[in-house]
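**Q** Quick one: sequence and predicted model below, then my questions.
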Amino acid sequence: MAKRIFAALLAAVLILLTLTACAKKPQDNRVTQVQTTVAQSDEEIIPDDNTTFKLCYSQADSLNPFEAVTQSNQILAQLVFEGLFSLDENYKATLNLASGYRYKDSKTLFVDITSGIEFSDGTTVKANDVVNSFEKAKSSAYWGGMLEEISDCSAVSETEVVFELNTPNSYAHNLLIFPIISGSSDGFPIGSGRYYFATEGNETVLKANVTDSFKPHLTTIHLENIAENDSIDNAINIGNISFAFRDLSTNSSRKISANKKLVNMNNLVYIGVNNKSGITSNASIRKAIALAVDRQSLVKSAYGGFAQVATGIFNPQFELSTTALFESTADINAAKQAIAQSGYSNLSLSLLYNSQNTDRRACAALIKQQLEAAGFSVSLVAAESDDEYFRLIQNESFSLYIGEVKLPPSMSLKTFFTNAGAAHYGIDTGSSKAGEEYYNFLDGGELGAFLLSFSNETPYIPLLYRKGMICFSKAMNGDMQGIQYNCFGNIENWYFISE
């Protein structure tokens, strides 16, 4: 009896194993099929696209990168022209048209040009093209401010140029990202970039410069004439254009519903401080103000997260920014201690801001609350126009003001420490120890000495760096990457999803 029971159990087990094996087989087939589909997808050839991709531009503005005044046309230049160097997301320079560089001394920079590189018309890029482009860039509104540090450029040979600097700066080669152009053809300026201007029918387009190293799917880019900022935002939302860069200087751009990625920029928002008169002439008071400010709150609330905290002197992405001098959040107790060290009991301050800028208006209200939490009494002064704002700053009619400055990619801070700088107001540039140590650092001195001097003096107060944004159609694919000076970073990988 026991043997029969055992035999029956054994038979049941064998039947179960057989059924299980049969159940697994279709499942294994399904897995194999999915893997095959993925493999086929990976090997799928993406066809060239000469109709779908559209960018905005202003027909009323110039396509010449040294004459263009609209952001749309300036951004187009990134596709058509190249500089001697390129910058990555950390503001580190890499060779582009240049094949090498060297500093002969602290104010002389030699740059070699890669031999054989051609403009889109087939002519070779030579030293004279660099010299001519530099001269035009230096006199232009868009590039001129960045190139103020360079006094002169001349050709040494057909493949070598030399740049003379006004003051030493070992990062001056970061400035050599201005477009190198040739002459013009059919009315269009000529560059050596990834695309070139052309006419197709009655339309201005960008055609791809296809090479062994650049084989984009988007072989033709169509240009849509759109003038106003709000119209551009609407155009990307409804799909009239495929891609746009927005510097987020207006709130409307933050409401874009297309796909988007934030882009780090070198636009510093700071508190300018009157070092020359009033209670802010006291270094302990300036230190107390810096301690009382909650930068993280300003980024989240006033700027809606479209910024990053400035805890040091340089841009957070830059290699010299490793030392933090400020906290992200307020330290009210330390601020009160600094106030006590100052010896002041009347803690009245005025805070000037441009009321036309909604971000700075919100920023001013928050800073007032933060400073008053530390014991200051703050009156807000709202300038009703740009002209009034700049007049009050230039007359130094403030205790504090909220300012913004676009720093050059060389990370030069001369704008704060020279009388010609747009951000020097309130700082005694002739007697500033921080300014003295900064110039010593540029000429080979210790960075630590400058940072210590800045911390002791606090001539101005860094708050945050604003961010920009690249936005693009939801139908686009290719892991779109872009940075401030190269919004179209990996455009060769972009394509539209098939319907």
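**A** Everything's here; your move.
**Q** which element is residue 161 on?
**A** For residue 161, the host element (DSSP states H and E) is strand 160-165.
**Q** got a list of contacts for that strand?
**A** If you take C-beta atoms under 8 Å, 6 or more residues apart in numbering as the criterion, strand 160-165 is touched by 104, 106-113, 127, 130-131, 134, 149-156, 172, 176. (Glycine included, C-beta is placed from N, CA and C.)
**Q** Among the residues you listed, name the ones in strands.
**A** 104, 108-113, 150-156 (DSSP state E).
**Q** low pLDDT regions in the chain?
**A** Within the chain, the ranges that satisfy pLDDT under 70 run 1-44, 184-186, 251-252, 498-499.
**Q** all helices of it, in order?
**A** With helices called from DSSP state H, the chain shows them at 2-43, 71-80, 127-138, 141-144, 229-238, 283-292, 295-297, 332-342, 358-373, 386-394, 414-417, 433-442, 447-457.
**Q** Compare those and give me the one nearest residue 90.
**A** Closest approach to residue 90 among these is made by helix 447-457 (17.2 Å; C-beta to C-beta).
**Q** For that closest one, buried residues please.
**A** By neighbour count on 16 or more other C-beta atoms under 10 Å, the buried set for helix 447-457 is 447, 450-454, 457.
**Q** ditto for stretch 64-81
**A** 64-66, 68, 70-81.
**Q** One more: stretch 202-215?
**A** 204-209.
**Q** With stretch 298-312 instead?
**A** So stretch 298-312, judged by 16+ other C-beta under 10 Å, has buried residues 298-299, 302-303, 306-312.
**Q** And these, which is closest to residue 382?
**A** Using C-beta to C-beta, the buried residues of stretch 298-312 come closest to residue 382 at residue 302, 15.1 Å.
**Q** That closest one touches residue 363, doesn't it?
**A** Yes: the pair residue 302 / residue 363 is scored as a contact, 4.1 Å apart, by C-beta atoms under 8 Å.
**Q** ok so, going back, any chance of the buried residues of stretch 202-215 in CSV, plus distance to residue 219?
**A** Converted to CSV, the buried residues of stretch 202-215 look like this (distance: C-beta to C-beta, whole Å):
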residue, distance to residue 219
204, 16
205, 10
206, 10
207, 7
208, 5
209, 10
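**Q** Sitting in strands, which of these do you find?
**A** Short answer: the buried residues of stretch 202-215 in strands (DSSP E) are 204-208.
**Q** Residue 442 is in contact with residue 167, isn't it?
**A** Yes: Residue 442 lies in contact with residue 167 (C-beta under 8 Å); the separation is 6.1 Å.
**Q** Just want to know which of these two has more residues nearby.
**A** Using other C-beta atoms under 10 Å as the criterion, residue 442 and residue 167 rank with residue 442 on top: 22 against 15.
**Q** The more buried one - nearest residue in space that isn't next to it in sequence?
**A** Excluding its sequence neighbours, the residue lying closest to residue 442 (C-beta to C-beta, 6 or more residues apart in numbering) is residue 168, at 4.7 Å.
**Q** Next, that neighbour: phi, psi?
**A** The phi/psi pair for residue 168 (degrees, to the nearest 10) reads phi -60, psi 140.
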